[in-house]
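> I'd like to go over a predicted model; first the sequence, then the structure.
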Amino acid sequence: MPSMLPPLLPAEVLARRQELPLKPAPVTLTGRYIRLESLQVERDAQALFDVSNGSPIRWGERSVDAYDAEALIWRYMFNGPFDNLADFTASLQAQVNAPNGLCLAVFDLASGRPVGVANYINNVPDHLKIELGSIWYSPVAQRSQANTEATYLMLKHAFDLGYRRLEWKCHSLNERSRRAALRMHFKFEGIQDSHMIVKGRNRDTAWFRILDSEWPEVQAHLEGLLYGG
């Protein structure tokens with residue numbers, strides 16, 4: 001007996017593949033705690049370098065003593081830590097120039113200062129899927145609502161555009177990222193062994209996802225975490 005194929009998707013779903021650009025359009029997304037803006041290297045590089053290079057941070061009552069930037073920010077990232085502004089700026093520029101991605105600066109609304117970077121990456125409009133990745137936050141924003149709200153805003157924007165699948169991937173050893181994904185109700189899909197070579201080392205990659213059919217439950221969960229039930 002021949003195997004059965006799934007039914008054809010609705011015409012309006014298939015049409016979205018032609019409507020979504022390979023490079024996501026610039027956007028500003030504002031929440032209660034943070035604002036995401038398309039990153040501008042000339043505007044943002046110095047301020048982001050200052051909060052990610054291990055130097056002490058003093059913002060009025062908010063302060064962070066000197067810290068290990070490799071351990072707290074860059075250990076599981078594709079690049080970094082950075083010894084100088086020029087190398088850091090070049091890395092940001094490469095993200096801005098990605099043909100299938102959109103680089104966003106994360107601004108803390110209370111201070112008006114940038115506290116991190118988040119990206120839409122690996123955009124595949126033909127399959128209505130996109131990934132949230134290359135995400136980092138300064139210690140001044142870690143353990144705050146910044147990551148949860150940025151993720152919420154990015155998920156909502158992508159699903160509103162018509163994507164069916166949002167992905168989150170991280171190094172299998174990155175327990176902090178894996179816990180964050182599960183806390184935000186991404187579904188764990190497994191480990192892809194020997195997925196990449198990063199900084200001369202093997203990377204086994206943990207895969208997570210949210211589907212459009214799962215988004216209403218996840219949206220309610222994230223809004224509860226952020227703004228109360």
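Arrived safely.
> residue ranges for the strands of the protein, please.
Along the chain, counting by DSSP state E, strands occupy 28-30, 34-38, 57-59, 62-64, 102-108, 114-124, 129-137, 165-171, 187-198, 201-211.
> Quick check: buried residues in the fourth one?
Just to be clear, that refers to strand 62-64. Under the neighbour-count criterion of 16 or more other CB atoms under 10 Å, strand 62-64 has Val64 buried. Using the backbone N, CA and C atoms, a C-beta is placed for each residue, glycine as well.
> Report the next helix or strand after it in sequence order.
Next helix or strand after strand 62-64 toward the C-terminus (DSSP states H and E): helix 69.
> Nearest spatial neighbour of Ala110, chain-adjacent residues omitted?
Spatial nearest neighbour of Ala110, excluding adjacent residues (CB to CB, 6 or more residues apart in numbering): Tyr33 at 7.7 Å.
> Near that neighbour, how many other residues are there?
19 (other CB atoms under 10 Å).
> Return the residues in contact with it.
Shown in contact with Tyr33 (CB atoms under 8 Å, 6 or more residues apart in numbering): 108-110, 144-146, 149, 226.
> For ChimeraX, write the select line for the buried members of the residues you listed.
This is how ChimeraX selects the buried members of the contacts of Tyr33, with burial counted by 16+ other CB under 10 Å:
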select :108,144,145,146,149,226
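> picking up where we left off before, which of the strands of the chain sits most buried?
When the strands of the chain are scored by mean count of other CB atoms under 10 Å, the highest mean neighbour count falls to strand 102-108 (a mean of 24).
> Identify whichever of the strands of the chain lies nearest to Gln18.
Ranking the strands of the chain by proximity to Gln18 (CB to CB) places strand 114-124 first, at 13.4 Å.
> Could you spell out the sheet neighbours of the closest one, each with its direction?
Note on strand 114-124: by DSSP bridges, its sheet partners are strand 102-108 (antiparallel), strand 129-137 (antiparallel).
> Read off the pLDDT value for Gln142.
With respect to pLDDT, Gln142 has a value of 89.
> I'd like the distance between it and Gly116.
9 Å (CB to CB, to the nearest Å).
> do the same with Leu166
Distance of Leu166 to Gly116, computed by CB to CB: 19 Å.
> I'd like to check what contacts the lengthiest helix in the chain. Which residues are they?
Secondary structure assigned by DSSP state H gives helix 146-161 as the longest helix of the chain. Under the contact criterion CB under 8 Å, 6+ apart, helix 146-161 has outside partners 20, 27, 29-34, 36, 104, 106, 108, 115-116, 118, 120, 130, 132, 135, 137, 141, 166, 180, 183-184, 210, 212, 215, 218-219, 222-223, 225-226.
> ok, 7 Å please
With CB atoms under 7 Å, 6 or more residues apart in numbering as the test, helix 146-161 has contacts from 20, 27, 29, 31-34, 36, 106, 108, 115-116, 118, 120, 130, 132, 137, 166, 180, 184, 210, 212, 215, 219, 222, 225-226.
> what's the spacing between that helix and its chain's center?
9 Å (CA atoms, centre = their mean, to the nearest Å).
> repeat for stretch 154-174
Relative to its parent chain, stretch 154-174 has a centroid offset of 8 Å by CA atoms, centre = their mean.
> Pull up the distance across it, start to finish.
21 Å (CA to CA, to the nearest Å).
> just for the chain, where's the confidence low?
Scanning the chain for pLDDT under 70 picks out the ranges 1, 229.
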